[in-house]
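1. Predicted model follows, preceded by the sequence.
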Amino acid sequence: MADAIRVLAMDAVEQAKSGHPGMPMGMADVATVLFSKFLKFDASRPDWPDRDRFILSAGHGSMLIYALLHLTGYKAATRQELVNFRQWGSRTAGHPEFGHMPGVEVTTGPLGQGLATSVGFAMAERHLVARFGEDLVDHRTWVVAGDGCLMEGVSQEAIALAGRLKLSKLTVLWDDNEITIDGKVSLSDTTDQKARFKAAGWAVKAVDGHDHKAIRSALQWATRQDRPTLIACRTRIGKGAATLEGSHKTHGAALGATEIAATREALNWPHAPFDLPEDLTKAWKSVGRRGTRPRKAWEARLAASPQGSEFTRAMTGDLPAGAFDKLDAAMSELVQTQPAQATRQASGAALDQLFAAIPEMIGGSADLTGSNNTFVKGTEILDAPTYDGRYVNYGVREFGMAAAMNGLALHGGVIPYGGTFMVFSDYSRPAIRLGALMGVRVVHVLTHDSIGLGEDGPTHQPIEHLAALRAIPNLNVFRPADTIEAMECWQVALQSRTTPSAMALSRQKTPAVRTTASSDNLSARGAYEIKAASGDARVTLFGTGTELALALKAAETLEAEGVPTRVVSVPCFELFEQQPSAYQASVIDRGTVRVAIEAAIRQGWDRFIGEDGGFVGMTGFGASAPAEVLYEKFGITAEAVLEAVRARL
């Protein structure tokens, strides 16, 4: 059975003339024991909510999972898909992609991220057990990780968090083959990985990764532990290859026709490429059906459970009825009271109205809870041994937090959000990007969004970060201007089931700008006219966040001077691009002098103001001083807006 994986892997890579055969061939024995004896799944129902999650963190070895899915009978994993490995339009991409092939739980390839994301899967399972009970939730998360995954820094963030939370249903199977692309691991690393995991609170065991009896014993041991487990599987990369077994040459290149022919002979495998003997086909298909009876028993329990409908709603991602009723009521009141407050406080006010109404929401912060305003008063902490809390202390682990949130969302039943300073989105960025690629509902709360954070200085003042985040496809980047916009942006973020969101929020106070009620969510349009001109407009001013108030102030002066001026709020570039072209044209109004103001770099703003438009913002890094001083010294003022307009009238 393991040889079937090996041959399919080497044949598919040879057919594509690219890929990584060594890892699937080396881990074939471990995978065979896992899938045939331990993994709880039903190949006919890839979406069974109580299945075990199998995560291939070492995503370059993608033929391991594609071979397993094909062998166990997943309908989508056809023989032809294996033949088309890495080709246009196939489901068998070079690295596994969530949403392309049923059975692939997470997009992997950037090393370490699968491991880090798995922590979120395990957290979700523990939390949902606390909410719905073991009759409905009782499964494990299994991860195959390689040396590269463990070298990446995010692995330390991930294993430290998992160890602290005692995630006993999480097992990492380390492909301990001592090989990287360049050669022996010892070329670049001497870390005692087993000691590292032990130090982080994991239970650790080493095993011969080609001894099926020993593997089975180790996996059974893992299911009995009260903490996350690492099984160091000593393997030989390219196991079974006639002359290249154990060689780094099998890591990232096809074996070649001569080596494959010799390997077939050594394995006593006389079959043509992608052909399998009938007895092995039957044996593997039987593995794929092994979970049918447990799955049907679970469905019966779901049907009989008084929590069944609520569990199904949560897992399908539907928001509860009346999810935004309290938020809508709060906005109606705030239009009247018009508080001046930092938008991070406005975000916290939104969470106060949403958190109780949407029980799937789980918050957290990378050790900046008080600054990010992500904690809702009275919330219990998600922690061992009960896991029934809804707030996570992620520690100073921005990347690990963002990756874990992806896992929480992918698991289902949970809508995660987490906070850090916006400048540290650089640390989170790989996971934010992967979340956008996968299309998960995650909200990144990024506070202290400009030089307005003040005295902490340029190391903490995001300048290019708005442009950098806006460059990521399928990521909604919100920069609300006041409390009403912040609440509207939260509503859109929670309704966006296949798009993650980034909330850029200020440290400093800003006046209310939305002073009239609206039955529509204006922020959902991405950009909208917040102040009309007194006559035929000659000037259009664009602003976001705390700078929108400066645009409105400049507009007052221009109107007093007899220059009809309109102001446009632009809380989300990405949503604006989704509007009808006629609406976009009416908002931009190319017949007017156009000037934008944002305490960030200009990149991206030419879409609104054109190459000749005016921009008031940053051209370099910030400095350490109080916020009001910085705005004056860097020329981000209403007076600077007026100068830019007058120069173009």
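-> Right, received. Where do you want to start? Given the structure is predicted, the values throughout are model-derived calculations rather than measurements.
2. Validate this expectation: residue 489 resides in a helix.
-> Yes - counting by DSSP: H, G, I helix; E, B strand; the rest coil, residue 489 is located in a helix.
3. Nearest residue to it in space, please, no chain neighbours.
-> Computed as C-beta to C-beta, 6 or more residues apart in numbering, the closest residue to residue 489 that is not its neighbour in sequence is residue 478, at 4.0 Å. From N, CA and C alone the C-beta is placed, and that goes for glycine too.
4. For the one you found, the count of nearby residues, please.
-> As a burial measure, residue 478 scores 29 neighbours (other C-beta atoms under 10 Å).
5. One more: residue 51?
-> Residues near residue 51, counting by other C-beta under 10 Å: 21.
6. May I ask you to confirm that it is in contact with residue 291?
-> Yes - between residue 51 and residue 291 a contact is recorded at 7.2 Å, counting by C-beta atoms under 8 Å.
7. Return every residue with contacts to both of these two.
-> Any residue near both residue 51 and residue 291 by C-beta atoms under 8 Å, 6 or more residues apart in numbering counts here, and that gives 40, 41, 42.
8. Could you point out the helix or strand that follows the longest helix along the chain?
-> Looking across the chain with DSSP state H, the single longest helix is helix 113-132. Once helix 113-132 ends, the next helix or strand along the chain (criterion: DSSP states H and E) is strand 141-145.
9. and the residue nearest to residue 175 when sequence neighbours are not counted, what does it touch?
-> Excluding the flanking residues, the one nearest residue 175 by C-beta to C-beta, 6+ apart is residue 146, at 4.7 Å. With contact taken as C-beta under 8 Å, 6+ apart, residue 146 is in contact with 23, 57, 58, 61, 111, 174, 175, 177.
10. ok, the nearest residue to residue 483 once chain neighbours are set aside - contacts?
-> Spatial nearest neighbour of residue 483, excluding adjacent residues (C-beta to C-beta, 6+ apart): residue 346 at 3.8 Å. Listed by C-beta under 8 Å, 6+ apart, the contact set of residue 346 reads 480, 482, 483, 485, 486, 487, 505.
11. ok, the nearest residue to residue 415 once chain neighbours are set aside - how many residues close by?
-> Spatial nearest neighbour of residue 415, excluding adjacent residues (C-beta to C-beta, 6+ apart): residue 360 at 4.5 Å. As a burial measure, residue 360 scores 25 neighbours (other C-beta under 10 Å).
12. Now do whichever strand or helix holds residue 301, average pLDDT.
-> Using DSSP H and E, residue 301 sits within helix 292-304. Averaged across helix 292-304, the pLDDT comes to 98.
13. and what of stretch 191-200?
-> 98.
14. so how far is residue 541 from residue 561?
-> 14 Å (C-beta to C-beta, to the nearest Å).
15. In terms of neighbours, single out the busier of the two.
-> In this view residue 561 and residue 541 are compared by other C-beta under 10 Å, and residue 541 has more residues nearby, 33 against 12.
16. counting contacts, what elements does the helix or strand hosting that one pack onto?
-> Residue 541 is part of strand 539-543 when elements are defined by DSSP H and E. If you count contacts as 3 or more C-beta pairs under 8 Å, 6 or more residues apart in numbering; DSSP states H and E, strand 539-543 packs onto helix 548-560, strand 565-569, strand 593-597, helix 638-646.
17. Repeat the analysis, applying 6 Å as the threshold.
-> helix 548-560, strand 565-569, strand 593-597 (3 or more C-beta pairs under 6 Å, 6 or more residues apart in numbering; DSSP states H and E).
18. nearest to residue 236, of these?
-> strand 593-597 (59.5 Å; C-beta to C-beta).
19. picking up where we left off before, tell me which of the contacts of residue 346 is nearest to residue 131?
-> After measuring the contacts of residue 346 against residue 131 - C-beta to C-beta - the closest member comes out as residue 487, at 26.4 Å.
20. so who does the closest one touch?
-> Residue 487 sits next to 327, 331, 350 when contact means C-beta atoms under 6 Å, 6 or more residues apart in numbering.
21. sec struct for the first one, please.
-> Read that as residue 327. Assignment for residue 327 (three-state DSSP): helix.
22. Would you confirm that it contacts residue 353?
-> Yes - if you go by C-beta atoms under 6 Å, residue 327 and residue 353 touch, sitting 4.3 Å apart.
23. Please verify my assumption that residue 267 contacts residue 3.
-> Yes - contact status for residue 267 versus residue 3: in contact at 5.4 Å, counting by C-beta under 6 Å.
24. Now do stretch 96-116: distance to the chain's middle.
-> 11 Å (C-alpha atoms, centre = their mean, to the nearest Å).
25. What residues of it count as buried?
-> 96-98, 101-116 (16 or more other C-beta atoms under 10 Å).
26. same thing with stretch 452-459?
-> Neighbour-count burial for stretch 452-459 [16+ other C-beta under 10 Å]: 452, 453, 454.
27. Out of those, which is nearest to residue 252?
-> Closest to residue 252, out of all of the buried residues of stretch 452-459 and judged by C-beta to C-beta, is residue 453, at 43.9 Å.
28. Residue 635 versus the closest one, what's the distance?
-> From residue 453 over to residue 635 (counting by C-beta to C-beta), the distance is 18 Å.
29. Same question for residue 385.
-> Taking C-beta to C-beta, one finds residue 385 at 56 Å from residue 635.
30. more crowded one of these two?
-> Taking neighbours as other C-beta under 10 Å, residue 385 and residue 635 compare with residue 635 leading, 15 against 10.
31. Which residue, other than its chain neighbours, is closest to the more buried one?
-> Once flanking residues are discounted, residue 635 sits nearest to residue 616: 6.9 Å by C-beta to C-beta, 6+ apart.
32. partner residues bridging that neighbour?
-> Note on residue 616: beta-bridge partners by DSSP bridges are residue 597.
33. And it, how far from residue 79?
-> In terms of C-beta to C-beta, residue 616 sits 61 Å off from residue 79.
34. of these two, who's got more company?
-> Applying other C-beta under 10 Å to residue 616 and residue 79 shows that residue 616 carries more neighbours, namely 28 against 12.
35. Return the residues in contact with that one.
-> So residue 616 contacts 597, 636, 640, 641, 644 (C-beta under 6 Å, 6+ apart).
36. Could I have the ChimeraX command that selects the buried members from these?
-> Listed next is the ChimeraX selection for buried residues among these, using 16+ other C-beta under 10 Å:
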select :597,636,640,641,644
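37. any chance of the contacts of residue 616 in JSON lines, plus pLDDT and distance to residue 132?
-> Converted to JSON lines, the contacts of residue 616 look like this (pLDDT from 0 to 100; distance: C-beta to C-beta, whole Å):
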{"residue": "597", "pLDDT": "98", "distance to residue 132": "49"}
{"residue": "636", "pLDDT": "98", "distance to residue 132": "50"}
{"residue": "640", "pLDDT": "98", "distance to residue 132": "56"}
{"residue": "641", "pLDDT": "98", "distance to residue 132": "54"}
{"residue": "644", "pLDDT": "98", "distance to residue 132": "57"}
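38. Out of the contacts of residue 616, name the two that are farthest from one another.
-> Most distant of the contacts of residue 616, by C-beta to C-beta, are 636 and 644, 11.4 Å apart.
39. so residue 499 is in which element?
-> Counting by DSSP H and E, residue 499 is found in no helix or strand.
40. how close does residue 382 get to residue 134?
-> With C-beta to C-beta as the criterion, residue 382 and residue 134 are 18 Å apart.
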